[in-house]
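Novice: what follows is a predicted structure for the sequence shown.
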Protein chains: 2
Amino acid sequence: MLPKFNILTPEQVQAVHDHTMKILEEIGVEFLYEPALEVFRKHGQKVDGHRVYFKREFVEEQVKKAPAQFTLHARNPENNLICGGEHIIYMPGYGAPFIHEADGTRRNATMADYDNFVKLAGASKNMHMTGGTVVEPTDVDDRIRHLKMIYSHIKNSDKCFMGSASGRERAEDSIEMAAMLFGGRDVIKEKPALICLINSVTPLKYDDRMLGALMAYAEAGQAMVIASLVMAGSTGPATLAGALALQNAEVLAGITLAQSINPGTPVVYGSTSAITDMATGSLAIGNPECALFTSASAQLARFYGVPSRGGGGLSDAKIADAQAGYESMMTLLATSATGINFVLHTAGILQYFMAMSYEKFMIDDEIAGMVLRYLNGIDFAEEKFAFDVIADVGPGGHFLTQKHTKKNHKFEMRRALLSDRQSYDGWAKEKLDTNARANRKWQEVLANYEPPALDAGLDEALKNFIEKRTAELLK
Amino acid sequence: MLPKFNILTPEQVQAVHDHTMKILEEIGVEFLYEPALEVFRKHGQKVDGHRVYFKREFVEEQVKKAPAQFTLHARNPENNLICGGEHIIYMPGYGAPFIHEADGTRRNATMADYDNFVKLAGASKNMHMTGGTVVEPTDVDDRIRHLKMIYSHIKNSDKCFMGSASGRERAEDSIEMAAMLFGGRDVIKEKPALICLINSVTPLKYDDRMLGALMAYAEAGQAMVIASLVMAGSTGPATLAGALALQNAEVLAGITLAQSINPGTPVVYGSTSAITDMATGSLAIGNPECALFTSASAQLARFYGVPSRGGGGLSDAKIADAQAGYESMMTLLATSATGINFVLHTAGILQYFMAMSYEKFMIDDEIAGMVLRYLNGIDFAEEKFAFDVIADVGPGGHFLTQKHTKKNHKFEMRRALLSDRQSYDGWAKEKLDTNARANRKWQEVLANYEPPALDAGLDEALKNFIEKRTAELLK
């Protein structure tokens, strides 16, 4: 593995930390959830209305309780994941309500799309888990969506997945289903099986829905990403340094709450901070400023000794074109080279998180494979220098037929899955652009995908639970 | 500026160096040009036929004579460039014989295309110079191409440009035209105005054409890139470490020759090493292995204390699609973050150097702007932390109308030139992909471009020189 690319000096990291502490002490953060305020009161923090003013020492002390890394458990233990340290976890996009078709047509995402993206992630060797809300399945009643989504992850793959963070009740349902899968709440309390995404409401707020979920997961010993999305110029300062301090204050406030509830709760420092396109006022994510936020966040998380989440294959494009390609590559390469551990939104995202695209998913899968190969670096073992081969071939000679070439090329050079490397004439037979090739490819992958078997009794039990809860929730 | 991303440990750099020295000492390099062999004989190196066996100390001593950085002079001194250190120089692609149209049609490149790319580079604020052989103008007789190409750079822009490296005679013509532009050979000997591209013939050879040019430029005190393109798996070992040592041996041999001829000659350590697509046997450049070669080369050049050249916006795609976008971004970001100074092929390249594309040029221009913004990093000046603004806005507030936002957003956030950041509905009015938008854009830029004025007397003198030389060369 390559060393991590640190874009900040230690002094800059310290400066962000100091400004963050000033924000937490003097401005404070609002928590719109009485049980959370109660936790802070009990821990001696000043609470005024919904606003909590933090003591610097308290925050620093709580953050220290978070583990530097943890294992997330999959139903197939071969797919267990370590989150933190040198490890990178890739997964599909999260939360998009729309699908953009290959020709740029937009439609609402459905449960069938949900299943498809879970399968595509299950089939990909670059996607380490199947993610969370891979799309918003808009054809399913909002009250029971979380049940169907969790079931889709369990049924269609045996990789790790995420739980619902839409309020305490849905969080509890998620935890219950994971407990069924692993043999009880006690089991997953020791071996976390779920991770959820907790978002602040920038600037400087947390709502009751997120706080309810945070508390449920913390109590159950499950993992969580605590993330802030500062839109520099609208929900945060237009200066990146200011936006970064604001983000940092929100994330540390959330981590402090989780550790106050259950010390040692596995938390991930999360950033989705990006910019506001000043021409339209809308979010813009596929840009160098977002890559800088991500890179800086990786380093802040290392400073605090916790795993990080940020970036992904981010794009504002509406179709899987050159822009989708270069924006995704910039953000995923910056994300990964600077050492982000948990990469939500690695594959499929278009139009600043609003849409998923099957074609973009396949493109990002290729990008992910390329980035992982880059991060693997160069093997400098003595025999790799191939001195004898170079001497044998000599000036003007050729290496193609050398044994050394046959022995090594597969390990040294990644094989492209989607990228075209033909001659012009070979390509010109069909003249397919990458969007068209990706369109063929995902259909092929889905057609050939066989989900891993799920124990029939467990499947039955899960279905019964969903049926019971559906009846209760739709009542 | 961000710190440079070092992908190798100092021990790995030393290991590459040691293996390189063993290659130079024990295998040697062939120079198919008697005057070059004579230089090495005079410097006490063992010459056997065309093969030169180098003493390690001699190579190390010669390489030390090369300057760490130098200034390249433009006819508009505001466009002078420093090559080396923290500086990055971007320019168009080099040497492609074909143009790929927006629909993927291929045709031969012409002199009109040449002028167009020089103008596009002249108009771009991300292209620091107009480059060299921006395309091969196949409609001009090969014997006089170099004259027309140099004239195009002088006439259509006042940025720095490259000279011909196709043999001693064309090199001398290039130097003569540059001398006319700057007021004589003595002037440019003190203030280098030209840089040329010298390529080895991998493995371990230099041909007479390149060596003739190298000697002409070295004698005239002009700058040169000395580059090696190892195709791992065919013209070099399939192992990246071996290919890197091979490349390093070739480049150091070339630098040693230049310094032996004229100590202090401005040289740039060049790498275009990439891989062989084992399925087709053809060159593949838009990949992580090529990015690794480039990144490692930047570091090797720093080790030797000379400026570096490598990478660019490299792609194997045939059309300006998602692959063109992600390959270009991977290679240009890796090139730039790891500290390459001189970036030939920043814009326009498709199909592993075989083609230039106008649409790809505009896409790469956007990519270059994004990468430069990323490298600019985050400004951590005290006022950028915006504490007072965050306090004034408070939890739940908004920053869009703050004075601080109006004052700062233009400096902090780069404005996209080509990327689409509209809402879906805005985009869906025309549904243009980036290829189509780029197609509009380059025509717009060309239509609005006015080349800087050129002194009429000088223009006349250059035309007379070209006329005279044309008559001689076509005789």
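Specialist: The structure has been received and is ready for your questions.
Novice: nearest residue to A:R143 other than its sequence neighbours?
Specialist: In space, and not counting its chain neighbours, A:R143 is closest to A:L473: 4.6 Å by Cβ to Cβ, 6 or more residues apart in numbering or on different chains. For glycine as for every other residue, the C-beta is placed from the backbone atoms N, C-alpha and C.
Novice: from A:H17, how far out is A:E25?
Specialist: A:E25 sits 12 Å away from A:H17, going by Cβ to Cβ, to the nearest Å.
Novice: before we move on, what about A:K406?
Specialist: Separation of A:K406 from A:H17 (Cβ to Cβ) stands at 53 Å.
Novice: neighbour count for the two, which is higher?
Specialist: When A:K406 and A:H17 are compared on other Cβ atoms under 10 Å in any protein chain shown, the one with more neighbours turns out to be A:H17, at 18 against 13.
Novice: is that one within a helix or a strand, and which one?
Specialist: Counting by DSSP states H and E, the element that carries A:H17 is helix A:10-22.
Novice: next one: A:S328
Specialist: helix A:322-337.
Novice: by contact count, what packs against that helix?
Specialist: Packing partners of helix A:322-337 (3 or more Cβ pairs under 8 Å, 6 or more residues apart in numbering or on different chains; DSSP states H and E): helix A:288-304, strand A:342-347, helix A:358-376, helix B:322-337, helix B:358-376, helix B:434-448.
Novice: those into a markdown table, with extra columns for distance to B:K205?
Specialist: Formatted as a markdown table, the helices and strands packed on helix A:322-337 follow (distance: least, Cβ to Cβ, whole Å):
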| stretch | distance to B:K205 |
| --- | --- |
| helix A:288-304 | 41 |
| strand A:342-347 | 44 |
| helix A:358-376 | 30 |
| helix B:322-337 | 26 |
| helix B:358-376 | 32 |
| helix B:434-448 | 39 |
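Novice: B:A96: which of these is closest?
Specialist: Closest to B:A96 of the helices and strands packed on helix A:322-337, according to Cβ to Cβ: helix B:358-376, at 10.5 Å.
Novice: what packs against that closest one?
Specialist: helix A:288-304, helix A:322-337, helix B:111-123, helix B:322-337, strand B:342-347, strand B:349-350, helix B:434-448.
Novice: okay, these, which one's buried deepest?
Specialist: Compared across the helices and strands packed on helix B:358-376, strand B:349-350 shows the largest average neighbour count, a mean of 34 (mean count of other Cβ atoms under 10 Å in any protein chain shown).
Novice: what mean pLDDT does that one get?
Specialist: The pLDDT scores in strand B:349-350 average 98.
Novice: describe which strands it pairs with in its sheet and in which direction.
Specialist: Taking DSSP bridges as the criterion, strand B:349-350 pairs within the sheet with strand B:355-356 (antiparallel).
Novice: now the stretch 301-450 of chain A against chain B: closest residue?
Specialist: A:G325 (2.8 Å; Cβ to the nearest Cβ).
Novice: that residue and B:G325 touch, don't they?
Specialist: Yes: under the criterion of Cβ atoms under 8 Å, A:G325 makes contact with B:G325 at 2.8 Å.
Novice: about what we covered before: would you turn the helices and strands packed on helix B:358-376 into CSV with distance to A:R185?
Specialist: Formatted as CSV, the helices and strands packed on helix B:358-376 follow (distance: least, Cβ to Cβ, whole Å):
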stretch, distance to A:R185
helix A:288-304, 29
helix A:322-337, 34
helix B:111-123, 64
helix B:322-337, 43
strand B:342-347, 57
strand B:349-350, 56
helix B:434-448, 50
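Novice: returning to that earlier point: from the chain's centre, how far out does the next helix or strand along the chain from the helix holding A:H17 sit?
Specialist: Per DSSP H and E, the first helix or strand lying C-terminal to helix A:10-22 is strand A:29-31. Mean-position distance between strand A:29-31 and its chain equals 25 Å (Cα atoms, centre = their mean, to the nearest Å).
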